[in-house]
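Q: Curious how this folds, go ahead:
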Amino acid sequence: MKLKLQLALALASAGLFANTAIAQSTKVSSIEGTTPFGPATQYRTWSIGIGAGVTNQTNIAGFNREGYDDLAWNLGYSAYIKKQISPSFGIKASYFGGKTGGAFKDGTQSFEAKTPWSAALSGEFQAANTNWRFFNSFIKPYASIGVGVMNSKTTLTTGSTSQEADGISKIYVPLDMGLKFAVAKGINLELGYQLNWVNQNFDGIRGGQYKNDLFTYIHGGLEFALGSSSKPALNNSNPVATLVNDYTVKYDDLKAQNDALNAKNQALQNQLDGLNSDLKDDDGDGVANKYDKCPGTPSGVQVDGAGCPIVVKNETRVVEKVVVTEADRKVVADAIKNLEFDLGKATIRPTSYATLNKVAELLIEKNFSLKLAGHTDNTGSRELNMRLSKERAESVKAYLVSQGANASRIEATGYGPDQPIASNKTADGRQQNRRVEFTLY
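A: The predicted structure is shown next:
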């Protein structure tokens, strides 16, 4: 019955702290790590632990008890320093002290063993840091086994007679198992159950039926990582979790960049679709649909600036030599100087209308021919620049035709970035290269 009580007490304590740790899962991460596959110098690898608990001569397994079935709970205390070799394995040097006792149920015999000190070197394994199933676990099962030296002094009481033996120092083997709870960065709460195989004279019965005596140490404590708090603790790191976290962060960043790029490309495509629709010429008469007031003109029919057929009168016309004066060139130069488009588009800004109107009047009055050559800088793809330069030249032609100029006497060509007049390495040079040239003839 007492063994069952002992086991129930240990499990209840573990369950209470487990629930507490899980309740904090939304606030504290148990996964500590830096760059995947990084060196151990990125981590805190040393830690210390302190603990206290109770001892007794019984154990859950029910062996090596030598007849001491009457539980006697006594105080035990412990401490250790540990070097973490990997996330799942470390080596620790531990200290244990306290008192252990027990008695026969009939009261005829009892013993009390005082342990001023003991020192052991153990290897400790943490299961949670080696398995992806424990990716977000705050509860870390652990087990350790080692070997050391224990100093003890035992008093054996038979009836009313007590006999104190001399203190001895003998080899002992501690086997510890339990749970660690990651309650904060670099801090673990520990609950453990430790079995200690000690010398045969530990319980005062010399030459008993067992080769070694055995006592239990049920304990709780805290483990603190040493070093700079800016570094994660290696004993709380999970290599799989660190790798997945690094991948997730980089994936989310790349996805955000890709989504933003797709949105920009879609916006640009929408703009280009709008330009293509405005400049489309379904009947092929040289006047864009947007300005064509007589759509569906038969092929080969000469049209005016509004896209309507020109009625040709049978009269003899005297062909005069075309003479371009300085005043004519100034009108064109002013138009070039004042010509502005919306950024990245072929839409002419209203501030350019006045000087373009003068060019249109000049073409109508003197029956000039005009060549429009669109140019861009080398920013962006060549395909986009070729299209934009052509569309800007066509946009100027369409505007001049809308003001009454003869579409058949206007040629619009796009050269993209192929004919720069200045260096594209400077902002001023690129500004000069983004132009539409007017040539009268």
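
Q: For K390, give me its contacts.
A: Neighbouring residues of K390 by CB atoms under 8 Å, 6 or more residues apart in numbering: 374, 412-414. Yep, even glycine has a C-beta here, placed from its N, CA and C like the rest.

Q: For this structure, which segments are assigned as strands?
A: For the chain, the strands defined by DSSP state E occupy 46-56, 70-72, 74-86, 89-103, 109-126, 139-158, 161-164, 168-184, 187-198, 213-225, 370-375, 410-414, 435-440.

Q: give me the number of residues near the nearest residue to F111 once chain neighbours are set aside?
A: Leaving out its chain neighbours, the residue that sits closest to F111 by CB to CB, 6 or more residues apart in numbering is G204, at 4.0 Å. Neighbour count for G204, taken as other CB atoms under 10 Å: 24.

Q: Repeat that for Y80.
A: 23.

Q: And for the one 3 residues further on?
A: By other CB under 10 Å, the residues close to K83 number 12.

Q: Which one of the contacts of K390 is nearest to P295?
A: Set against P295, the nearest of the contacts of K390 by CB to CB is A412 (20.0 Å).

Q: before we move on, the earlier item: I'd guessed the residue nearest to F111 sits against I168; true?
A: No. With contacts counted by CB atoms under 8 Å, G204 stays clear of I168, the gap being 11.9 Å.

Q: Could you pick out the longest helix of the protein?
A: helix 239-279 (DSSP state H).

Q: Distance from that one to the middle of the chain?
A: 16 Å (CA atoms, centre = their mean, to the nearest Å).

Q: Report the rounded mean pLDDT for it.
A: Averaging pLDDT along helix 239-279 yields 81.

Q: now for that helix, which elements pack on it?
A: On a contact count with 3 or more CB pairs under 8 Å, 6 or more residues apart in numbering; DSSP states H and E, helix 239-279 meets helix 382-402.

Q: Also compute the angle for the helix it packs on relative to helix 239-279, please.
A: 30 degrees (axes from the mean of the first three to the mean of the last three CA atoms, to 10 degrees).

Q: what mean pLDDT does helix 382-402 have?
A: 91.

Q: Please save the CA atoms from that helix in CSV.
A: Below are the C-alpha coordinates for helix 382-402, written out as CSV (Å, rounded to 0.1, in the frame of the first residue of the first chain):
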residue,chain,number,x,y,z
ARG,A,382,14.5,45.7,-74.0
GLU,A,383,11.2,44.2,-75.0
LEU,A,384,9.2,46.5,-72.7
ASN,A,385,11.3,49.6,-73.9
MET,A,386,10.8,48.8,-77.6
ARG,A,387,7.0,48.5,-77.0
LEU,A,388,6.9,51.7,-74.9
SER,A,389,8.9,53.8,-77.4
LYS,A,390,6.6,52.7,-80.2
GLU,A,391,3.5,53.3,-78.2
ARG,A,392,4.6,56.8,-77.3
ALA,A,393,5.4,57.7,-80.9
GLU,A,394,2.0,56.3,-82.0
SER,A,395,0.3,58.3,-79.2
VAL,A,396,1.8,61.5,-80.5
LYS,A,397,0.7,60.6,-84.1
ALA,A,398,-2.8,59.8,-82.8
TYR,A,399,-3.1,63.2,-81.1
LEU,A,400,-1.9,65.2,-84.1
VAL,A,401,-4.3,63.3,-86.3
SER,A,402,-7.1,64.1,-83.9
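
Q: buried stuff in that helix?
A: 385-402 (16 or more other CB atoms under 10 Å).

Q: Give me the distance between the one residue sitting closest to the centre of the chain and A241.
A: Centroid-nearest residue in the chain, with CA atoms, centre = their mean: V249, separated by 1.2 Å. Counting by CB to CB, to the nearest Å, the gap from V249 to A241 is 12 Å.

Q: my guess is S423 contacts G429, does it?
A: Yes. The criterion here is CB under 8 Å, and S423 meets it with G429 at 4.1 Å.

Q: Output the below-cut-off pLDDT ranges for the stretch 151-300 of the chain.
A: Where the stretch 151-300 of the chain drops to pLDDT under 70, the residues are 207-210, 277-278.

Q: Just grab the bridge partners of the residue nearest to N212 when sequence neighbours are not counted for me.
A: With CB to CB, 6+ apart as the criterion, N212 has its nearest non-adjacent residue at 4.7 Å, and that residue is W197. With DSSP bridges as the criterion, W197 is bridged to V173, L214.

Q: please renumber so the chain begins at 394
A: Okay, residue one is now 394; in that scheme the one you just asked about reads as W590.

Q: Tell me, how many residues neighbour W590?
A: For W590, using other CB under 10 Å, the count is 19.

Q: now swap in T493 and tell me
A: Burial of T493 is recorded as 29 neighbouring residues (other CB under 10 Å).

Q: Next, the contact list for it, please.
A: By CB under 8 Å, 6+ apart, the contact list for T493 reads 448-450, 467, 469, 505-506, 508, 595, 608.

Q: let's go with 10 Å and repeat that
A: With contact taken as CB atoms under 10 Å, 6 or more residues apart in numbering, T493 is in contact with 447-450, 461, 465-469, 504-508, 545, 547, 589, 591, 595-596, 606, 608-610.

Q: I only care about those that end up buried; give me the ChimeraX line for that.
A: A single ChimeraX command selects the buried members of the contacts of T493 (16+ other CB under 10 Å):
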select :447,448,449,450,461,465,467,469,504,505,506,507,508,545,547,589,591,595,596,606,608,609,610
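
Q: does L793 really touch V829, like I thought?
A: No. Here L793 does not reach V829: they are 11.5 Å apart, not a contact under CB atoms under 10 Å.

Q: gap between the nearest residue to P810 once chain neighbours are set aside and G490?
A: Take P810 and drop its neighbours on the chain: the residue closest to it by CB to CB, 6+ apart is N771, 4.2 Å away. Going from N771 to G490 by CB to CB gives 81 Å.
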